[in-house]
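J.: give me the fold of what follows.
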Amino acid sequence: MLPPSSFEPLPQHEQKSEWRKFIAGFSYAFSGFWYTVRTQRNMRVHVLAAIVAVGAGIYLHISAIEFALIFIAITGVFITEMINTVLEVCVDLASPTYHPLAKIAKDVAAGAVLVNAILSVIIGLFIFLPHLLALF
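T.: Numbers count the residues shown, from 1 in each chain. Next comes the predicted model:
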């Protein structure tokens, strides 16, 4: 059966079903985030660093723009860590035994997280260093 055109309203029972699917999507997404936090040591380190960065931002009264940059950096690291986790799980599923190409895939994905984490540290230094130096 073809989906209804975008101009035709869905029947009432299908609207409720679509709403439930939409809400369920959030549940799945939070479950995926929580899986990464529970199973990946580096993600827990990233979460701790994010809490420290936000706390430091509050303590140092950084500007809204600076907070936005900090949140972009935090989110970037979280996203790359989660994509790294996805790739590792998929590689393990496809290649349960050691394979040099599987190692390369995992190493490159981990490298992406490292590059993003380094960028986040640099952003943090640009934002926090002037505020910290002003304290002394």
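J.: contacts and neighbour counts: CA atoms only from here.
T.: OK.
J.: give the rounded mean pLDDT of the helix or strand Glu88 falls within.
T.: In this structure, Glu88 sits in helix 64-94 according to DSSP states H and E. The average of the pLDDT scores along helix 64-94 is 98.
J.: how about stretch 110-128?
T.: Here the average pLDDT along stretch 110-128 is 98.
J.: could you export it as CSV, CA atoms only?
T.: Only the C-alpha atoms of stretch 110-128 are listed here, as CSV (Å, rounded to 0.1, in the frame of the first residue of the first chain):
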residue,chain,number,x,y,z
ALA,A,110,39.2,5.7,17.5
GLY,A,111,41.5,8.2,15.8
ALA,A,112,38.5,10.3,14.9
VAL,A,113,37.5,10.5,18.5
LEU,A,114,41.0,11.4,19.5
VAL,A,115,41.2,14.3,16.9
ASN,A,116,37.8,15.5,18.1
ALA,A,117,38.9,15.3,21.8
ILE,A,118,42.1,17.2,21.0
LEU,A,119,40.1,19.9,19.2
SER,A,120,37.8,20.1,22.3
VAL,A,121,40.7,20.6,24.6
ILE,A,122,42.0,23.4,22.3
ILE,A,123,38.6,25.1,22.3
GLY,A,124,38.5,24.7,26.1
LEU,A,125,42.0,26.3,26.5
PHE,A,126,40.9,29.3,24.3
ILE,A,127,37.8,29.8,26.4
PHE,A,128,39.0,29.0,29.9
